[in-house]
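Colleague: return a 3D structure for these sequence lines:
(2 chains)
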Amino acid sequence: MNNPILEADKLTVRYGRRTALDGVSAAFAAGEAVVIAGSNGAGKSTLLRCLAGAIIPDRGRVVYGNGLDKAKIGFVSDRLSLYEHWTLREAWRFHKKEFGIAAAAERPPIEGFSLDEGRKIRHLSVGERTLFHLSLLLAQRPAVLLIDEVVHGLDPFLRDKFLETVIGAMDELKTAVIMVNHTLSDTAEIPERVLIMAEGRIILDERRDDLMAKVKKIAGDAELPPSLPVLFETSSEYRRDRYIYPFHEEWRRDFGLTFTDIGLDEIVKAFIGGSYVQKRTR
Amino acid sequence: MLRLNLDPASPVPAYQQIIQALKIEIISGRLKGGDRLPPIRELAKILKLNPNTVAKAYYTLEEDGFVESRPGSGNWVKSRAPDLDSLRVSMLEGETKSYLEKAFSLGASLDDVRRSIERIASHE
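Modeller: Take a look at the predicted model:
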């Protein structure tokens, strides 16, 4: 990738004896939208927190691209306990001073969503807090927005507001967005690139459209030629599905099998399932 | 009022779904030459898509001669679009083909199909 705006260079992070990140490298381009999916404990949030500068890796480094500094990276997380005892007005004033936001700047409104500025942050619901935090971050006109699994905690109305606001920032500020999520349908169709992690490593890094072309499903008990790469298999008394990756279009003709197109959530499930099977057999 | 119903669960990429849906709007005449397409950001927000995805779809429609982009004022349906009649015919033939495949797989004959179409059409 030419001139990435943000780059993870062989990051290793250990929590006690457990390795959360195992030499992970990935580069992110300006204005790009990426989703990181994967099993629980795969290292997704750890990677994101390294990129945000919230964790210093034990080995490796995070490289900022041209013109990027920490103030231009926004990090949205539901674990955030920012300024619990302050009112929204106080938090905004502090934020403005601390991050050198032009005095005249208004906190960007989130369309169709407003809060009483006299309320205390600890009295907000999780969803309100997330949206308020997002609006604080957008005032800094971030070049990168890191979003750690907040979307699934929002009700459908706030989820839409959140995603619309992120889309607005991508369009207006050309903000790169890196989101962590188990379920891709939670992130709508915003991400153009999909990373899947398992056990502290990135096991897949593909453009969204390429990924959809490369994973197919074969339903039923048909005998498969041993050369077909089966990523994952599910079977019960009534149903057997095998997931093929990487798939080549000419196999439709060569093998006379029915390869079914599948959606992204099912694709991610197959990769995560595959990673669990490998863990068991090792 | 433009209606685009995309299926997020569909394995067809979203930008192809937009292209397809807008082509149908244009071919059917519901969108006319000189109509303005929704701004990229608005459509992205409504459909919860990456703005680049919408831009890619608009760009492809421009290359195919359905849409023209006027710098600073958005995207418009071209007044002289490509041959809509032949496109309409080829899309209809595609649909008919997949319908016939299904009908024949049920063991229906061409006469069965004809009779079934006529019966249903006369009731509507």
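
Colleague: nearest residue to A:Gly100 other than its sequence neighbours?
Modeller: In this structure, A:Gly100 finds its nearest non-sequential neighbour in A:Ala71, 7.4 Å apart by C-beta to C-beta, 6 or more residues apart in numbering or on different chains. Yep, even glycine has a C-beta here, placed from its N, CA and C like the rest.

Colleague: so the one you found versus A:Ile101, what's the distance?
Modeller: Using C-beta to C-beta, to the nearest Å, A:Ala71 is found at 10 Å from A:Ile101.

Colleague: more neighbours: which of these two?
Modeller: In terms of neighbours (other C-beta atoms under 10 Å in any protein chain shown), A:Ile101 is the more surrounded of A:Ala71 and A:Ile101; the figures are 18 against 14.

Colleague: residue contacts, that one?
Modeller: A:His95, A:Ala139, A:Gln140 (C-beta atoms under 8 Å, 6 or more residues apart in numbering or on different chains).

Colleague: would you mind measuring from the second one to chain B?
Modeller: Which is A:Ala139. Look at A:Ala139 and chain B: by C-beta to the nearest C-beta, to the nearest Å, they are 19 Å apart.

Colleague: next one: that residue, what pLDDT does it get?
Modeller: Among the per-residue scores, A:Ala139 holds a pLDDT of 87.

Colleague: need phi/psi at it.
Modeller: A:Ala139 adopts backbone torsions of phi -60, psi -30, taken as degrees, to the nearest 10.

Colleague: what about it, how many neighbours?
Modeller: 18.

Colleague: and it, how close does it get to A:Arg59?
Modeller: Noted for A:Ala139: a distance of 35 Å to A:Arg59, by C-beta to C-beta.

Colleague: and the residue of the stretch 101-250 of chain A found nearest chain B, how many neighbours?
Modeller: In the stretch 101-250 of chain A, the residue that lies nearest chain B is A:Ala188 (3.3 Å; C-beta to the nearest C-beta). By other C-beta under 10 Å, 21 other residues sit near A:Ala188.

Colleague: surely it is in contact with B:Leu6?
Modeller: No. The criterion here is C-beta atoms under 8 Å, and A:Ala188 misses it with B:Leu6 at 10.3 Å.

Colleague: from chain A, how far out is the most far-flung residue of chain B relative to its centre?
Modeller: Centroid-distance maximum for chain B: B:Gly107 at 30.7 Å, with C-alpha atoms, centre = their mean. In this structure, B:Gly107 and chain A are 20 Å apart, going by C-beta to the nearest C-beta.

Colleague: and that residue, its phi and psi?
Modeller: Dihedral pair for B:Gly107: phi 90, psi 10, per degrees, to the nearest 10.

Colleague: other residues contacting stretch A:156-169?
Modeller: Residues from elsewhere that reach stretch A:156-169 (C-beta under 8 Å, 6+ apart): A:110-113, A:127-128, A:130-131, A:134-135, A:138, A:142, A:145, A:147, A:150-151, A:154, A:175, A:177, A:186-188, A:190, B:41, B:44-45, B:48-51.

Colleague: just the buried residues from the residues you listed, in PyMOL please.
Modeller: Of those, the buried ones can be selected in PyMOL as follows, counting by 16 or more other C-beta atoms under 10 Å in any protein chain shown:
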select buried, (chain A and resi 110+113+127+128+130+131+134+135+138+142+145+147+150+151+154+175+177+186+187+188+190) or (chain B and resi 41+44+45+48+49+50+51)
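
Colleague: what parts of chain A come near chain B?
Modeller: Residues of chain A lying close to chain B by C-beta under 8 Å from any C-beta of the partner chain are A:31, A:33, A:160, A:163-164, A:167-168, A:170-172, A:185, A:188-192, A:208-209, A:212, A:261-263, A:265.

Colleague: give me that answer again for 6 Å
Modeller: A:33, A:163-164, A:167, A:170-171, A:188-190, A:192, A:209, A:212, A:261-263 (C-beta under 6 Å from any C-beta of the partner chain).

Colleague: buried ones among the residues you listed?
Modeller: Buried among the residues of chain A next to chain B (16+ other C-beta under 10 Å): A:33, A:163-164, A:167, A:170-171, A:188-190, A:192, A:209, A:212, A:262-263.

Colleague: report the two of the residues you listed separated the most.
Modeller: Spanning the widest gap among these are A:Asp171 and A:Ile262, at 29.8 Å by C-beta to C-beta.

Colleague: so B:Asp18 touches B:Ala57, yeah?
Modeller: To be clear, residue B:18 is Ile; Asp isn't right here. Yes. Between B:Ile18 and B:Ala57 there is a contact under C-beta atoms under 6 Å: 3.9 Å.

Colleague: who has more neighbours out of the two?
Modeller: B:Ala57 (26 against 22).

Colleague: thinking again about what came up before, and the residue of the stretch 101-250 of chain A closest to chain B, what does it touch?
Modeller: Counting by C-beta atoms under 6 Å, 6 or more residues apart in numbering or on different chains, A:Ala188 makes contact with A:Leu163, B:Lys48.

Colleague: and the pLDDT for it?
Modeller: pLDDT recorded at A:Ala188 is 77.

Colleague: and B:Leu37, by the same measure?
Modeller: pLDDT, B:Leu37: 93.

Colleague: from A:Lys279, how far off is A:Leu145?
Modeller: 32 Å.

Colleague: and if you look at B:Lys78?
Modeller: Distance from B:Lys78 to A:Lys279, by C-beta to C-beta: 55 Å.

Colleague: neighbour count: the two, which is higher?
Modeller: Ranked by neighbour count (other C-beta under 10 Å), B:Lys78 and A:Lys279 place B:Lys78 first, with 18 against 11.

Colleague: what residues are bridge-paired with the nearest residue to the more buried one once chain neighbours are set aside?
Modeller: Leaving aside its sequence neighbours, B:Lys78 sits nearest to B:Glu68 (C-beta to C-beta, 6+ apart; 5.0 Å). B:Glu68 forms beta bridges with B:Trp76, as assigned by DSSP bridges.

Colleague: returning to that earlier point: from the residues of chain A next to chain B, which land in strands?
Modeller: Assigned to strands by DSSP state E, the following of these qualify: A:Ala33, A:Asp261.
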